[in-house]
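Asks: Predicted structure and sequence below. I'll ask about it afterward.
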Amino acid sequence: MARVVKPIEGNLASVKIDVLEVADFAGAADEEFAYSNPRHFSPGRPGIDGKGLDRDSMKELRDAIKDKGLFKPLMVRILERGGKKVYQIIAGERRWRACKKLNEDDEQCFNPVTGKVEPGSQVYESVECRLYEDIDDKEAMKMAFLENSTSVNIGEAANLNLFRYWRDHGFDDQTIMDCTKKTVAWVRHMDIISGLDAETLTAYCQSQINQTVALQLANVEDKKERVKILHEACAYAEGRAKETIDKAQEELGEAVKDAELAQGTLKIAEYDGTVDKNKAKDRVATTVKKVKAKRKKVKEAVQQGQAKAGDMVKAQIKVTGKPPKKINTALRTVAIQQLIVDEVDKLIEADGEKDGIVVAPVEALEIVKHTAEAISRGEKNLYNILADIFPPEDFDE
């Protein structure tokens, strides 16, 4: 029996494509926290309709791998299940699905190892993977999120659903920022949007409104009034952008047809030689590039409409910019720790100097640090803070 794993170098190995698996979708109702591809948190059927897993995106990825090879190894963790090793994909599910399809359809693919065009069943019988052991669910989720954020973004809806899943399982602000490398402001925005009513949340997840509009609507406390403004914003956005979007969608449809025709011509060239293969490849490259440009144009048209909706909402709402007190307090602690306490600690260690210049005496820095820590704990009384720094018993009568 052929080896399941063939070591290459370090933690890089060639792994049989059929032994790789993806994690089940982890729903918010699950009692225990469990790893799941962040992309699966998009609305729709888990693992099927996630951004980047749609038919057009997957076809584009398959064509790229078919013509140029697998350009990046998958990230895989090794688990024990029933006394056997399980190879679970942390990052690279899209690439795995694309290679598996090329293998099953036995399409002619470029093999970067041999430099030749060979059957997909041979080229992608195995795929290169980075193997990791002793990776728990939280670390796997962190690795997956960061990997996905640098490739095809998982989308705002998946970001929000994933954020809510983390909150349901007790993730604090610092843990979420560690996982995502996002800012305090991003966490605050996600908490605010998470507290919106179901109808506004649905509009946000379906890209009817963008984050700016969602945050503005969060300032409208009356739910009926908020939903009313939401409907007006959606109608306004659609009206302002409809003609542009319709035209862009029509152009995209034509580009997709041209690309499919070019792919068909290339297949004919590969099998019976009646068409010049190089010209067919050039045609495929040109049409794929055109599809990307038209898809970008559609996205820009949608964004234009949403921006106009944001302007309309601003005109109707008095934006306070104040998040709920509970959220503000929780994030204040993190912000003070990161922006003040940690920086003051660095200065104290350097005897009050930065870049060779004295910023402040160490004694003054100690006072700043104590004050910041007291405020982060919720202390509001200045005299209590001062009394703690300079106890009355230290003064002469």
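Replies: Structure's in. What do you need?
Asks: helix, strand or coil for residue 383?
Replies: Classification of residue 383 using DSSP: H, G, I helix; E, B strand; the rest coil returns helix.
Asks: Let me know the pLDDT of it.
Replies: The per-residue pLDDT reported for residue 383 equals 78.
Asks: How many residues are close by it?
Replies: If you count neighbours by other C-beta atoms under 10 Å, residue 383 ends up with 7. No exception for glycine: its C-beta is placed from N, CA and C like everyone else's.
Asks: how near is it to residue 215?
Replies: For residue 383, the distance to residue 215 (C-beta to C-beta, to the nearest Å) stands at 37 Å.
Asks: do residue 9 as well
Replies: 47 Å.
Asks: more neighbours, the two?
Replies: Remark: of residue 9 and residue 215, residue 215 carries more neighbours, 21 against 6, as counted by other C-beta under 10 Å.
Asks: residue contacts, residue 76?
Replies: 15, 20, 87-90, 92, 129-132 (C-beta atoms under 8 Å, 6 or more residues apart in numbering).
Asks: Just give the closest residue to it, not the sequence neighbours.
Replies: In this structure, residue 76 finds its nearest non-sequential neighbour in residue 129, 4.4 Å apart by C-beta to C-beta, 6 or more residues apart in numbering.
Asks: In three-state terms, label the one you found for me.
Replies: Recorded secondary structure, residue 129: strand (three-state DSSP).
Asks: Kindly report the same for residue 143.
Replies: Assignment for residue 143 (three-state DSSP): helix.
Asks: For it, grab the count of nearby residues.
Replies: By the measure other C-beta under 10 Å, the count of residues near residue 143 is 18.
Asks: How about the secondary structure of residue 341?
Replies: Put simply, residue 341 is helix when judged by three-state DSSP.
Asks: Quick one: residues contacting it.
Replies: By C-beta under 8 Å, 6+ apart, the residues touching residue 341 are 369, 372-373, 376.
Asks: mind listing which of those are in helices?
Replies: 369, 372-373, 376 (DSSP state H).
Asks: Assumed residue 25 was part of a helix.
Replies: No - assigned with three-state DSSP, residue 25 falls outside any helix and is coil.
Asks: Tell me where the stretch 1-150 of the chain has helices.
Replies: Counting by DSSP state H, counting those that start in this stretch, the stretch 1-150 of the chain has helices at residues 55-68, 93-105, 120-123, 137-149.
Asks: same question but for the stretch 201-350 of the chain, I mixed them up
Replies: Counting by DSSP H, counting those that start in this stretch, the helices of the stretch 201-350 of the chain are 211-217, 223-272, 277-316, 325-336, 342-349.
Asks: and these, which one's lowest on average pLDDT?
Replies: helix 325-336 (a mean of 54).
Asks: Please parse this protein into its domains.
Replies: For the chain, the structural domains run 5-151, 224-316, 325-394, going by automatic domain parsing.
Asks: Make JSON lines out of these and add distance to residue 197.
Replies: Shown next, in JSON lines, are the domains of the chain (distance: least, C-beta to C-beta, whole Å):
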{"stretch": "domain 5-151", "distance to residue 197": "16"}
{"stretch": "domain 224-316", "distance to residue 197": "7"}
{"stretch": "domain 325-394", "distance to residue 197": "17"}
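Asks: And the pLDDT at the nearest residue to residue 78 once chain neighbours are set aside?
Replies: The shortest distance from residue 78 to any non-neighbouring residue, by C-beta to C-beta, 6+ apart, is to residue 133 (5.0 Å). pLDDT for residue 133: 91.
Asks: Tell me how far the nearest residue to residue 64 once chain neighbours are set aside lies from residue 145.
Replies: Excluding the flanking residues, the one nearest residue 64 by C-beta to C-beta, 6+ apart is residue 71, at 7.8 Å. Remark: distance between residue 71 and residue 145 (C-beta to C-beta) = 21 Å.
Asks: What is the neighbour count of the residue nearest to residue 76?
Replies: Neighbour count of residue 129, defined by other C-beta under 10 Å: 25.
Asks: for residue 81, same thing?
Replies: By the measure other C-beta under 10 Å, the count of residues near residue 81 is 8.
Asks: and if you look at the one 5 residues further on?
Replies: Counted with other C-beta under 10 Å, residues neighbouring residue 86 total 14.
Asks: And it, how far from residue 22?
Replies: 11 Å.
Asks: which residues does residue 137 contact?
Replies: With contact taken as C-beta under 8 Å, 6+ apart, residue 137 is in contact with 33-35.
Asks: Kindly report the same for residue 95.
Replies: The contact partners of residue 95, taken as C-beta under 8 Å, 6+ apart, are 61, 65, 70, 72, 74, 127.
Asks: What ranges in the stretch 51-200 of the chain fall below the confidence cut-off?
Replies: Residue ranges of the stretch 51-200 of the chain with pLDDT under 70: 149-152.
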